[in-house]
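Student: The amino acid sequence is not available; the structure is as follows:
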């Protein structure tokens, strides 16, 4: 005798029974739905074009006039690396905050979070599905693809491309930087019911890092992501980095894990 789940799947192949248990319950279906919002609509294409214009378009604007001038290409190469990583860090952080600030709040305001959680879905799966979907989308569209194109732009404009291993390490640092602000934004989404405090706090944390170093406590520079953009530039250019450059990388990774943990804890106690 056929089971009920198999019968439903036979009637409508789009219906997939939930097979996960515990904290993973409903995770696969939620992640599929979140990914569909990125890759099954114009949203993904819009973000792709946006990041190509903002990042790679800026590199062309900076590099094309200088590439026509004769002289040593090394200063141009250095400038391109600095612009790509420093502007890229700021742009992607702003992008991930503005895009993800409503990921949880909107669901709570519209009542869809309560409706989804009335199904066989765990609250941890709800948060993790959003984090993974947004992380994959932003890392792919705002970091990896523009980085691959920049590698070719650097070779074309300056006649020199970074060593692949150190370039990938620099890109990895920028991924860590982006995930920090994504996790922070989702955490704030579990704490507040409107977007104002979410974007205000996350943007505040971001822009403090662009203050002159003498205005920021040195201890904060070591444990927050504010120096990651400089570390990525120095690493790719082969500059001498301070011995403690790895500390912000590790600390930022730990902050990201902590933010996710607190978000899971807080959302697990949300009343709907």
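Tutor: Received, thanks. The structure presented is a predicted model; accordingly, all values stated were derived computationally and were not measured. Numbering: from 1, shown residues only.

Student: where does the chain have low pLDDT?
Tutor: 1-22, 67-73, 272 (pLDDT under 70).

Student: middle-most residue in it, spatially?
Tutor: Nearest to the mean C-alpha position of the chain, by Cα atoms, centre = their mean, lies residue 178 at 3.8 Å.

Student: Which secondary structure element is home to the closest residue to that residue other than its chain neighbours?
Tutor: Spatial nearest neighbour of residue 178, chain neighbours left out: residue 92 (5.0 Å); criterion: Cβ to Cβ, 6 or more residues apart in numbering. C-betas here are computed from N, CA, C, even on glycine. Residue 92 belongs to helix 74-100 when assigned by DSSP states H and E.

Student: can you pull the buried residues of that helix?
Tutor: Neighbour counts over helix 74-100 (16 or more other Cβ atoms under 10 Å) mark 76-85, 87-97, 99-100 as buried.

Student: Would you check how far apart residue 134 and residue 118 are?
Tutor: Distance check for residue 134 against residue 118: by Cβ to Cβ, to the nearest Å, it reads 24 Å.

Student: And these two? Which one has more around it.
Tutor: Neighbours per residue (other Cβ atoms under 10 Å) separate residue 134 from residue 118, with residue 134 holding more: 23 against 9.

Student: surely the more buried one meets residue 101?
Tutor: No - using Cβ atoms under 8 Å, residue 134 is not in contact with residue 101, being 11.0 Å away.

Student: Packing partners of the helix holding residue 92?
Tutor: Counting by 3 or more Cβ pairs under 8 Å, 6 or more residues apart in numbering; DSSP states H and E, the packing neighbours recorded for helix 74-100 are helix 42-51, helix 57-67, helix 123-138, helix 145-158, helix 164-191, helix 195-208, helix 228-237.

Student: try it again with 7 Å
Tutor: Judged by 3 or more Cβ pairs under 7 Å, 6 or more residues apart in numbering; DSSP states H and E, helix 74-100 is in contact with helix 57-67, helix 123-138, helix 145-158, helix 164-191, helix 195-208, helix 228-237.

Student: following the shortest one, which helix or strand comes up?
Tutor: The helix or strand immediately downstream of helix 228-237 is helix 246-267, counting by DSSP H and E.

Student: got the contact list for that next one?
Tutor: 123-124, 127, 131, 173, 176-177, 179-180, 183-184, 186-187, 190-191, 222-225, 227-228, 231 (Cβ atoms under 7 Å, 6 or more residues apart in numbering).

Student: what sits against residue 35?
Tutor: Contacts of residue 35 by Cβ under 7 Å, 6+ apart are residue 133.

Student: returning to what we had before: for PyMOL, write a command that selects the buried ones of the contacts of helix 246-267.
Tutor: Buried subset of the contacts of helix 246-267, written as a PyMOL selection, criterion 16+ other Cβ under 10 Å:
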select buried, resi 123+124+127+131+173+176+177+179+180+183+184+186+187+190+191+224+225+227+228+231
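
Student: okay, the angle between the helix or strand hosting residue 35 and helix 123-138?
Tutor: Here residue 35 is covered by helix 27-39, with elements defined by DSSP H and E. Here helix 27-39 points in a direction 30 degrees away from that of helix 123-138 (axes from the mean of the first three to the mean of the last three Cα atoms, to 10 degrees).
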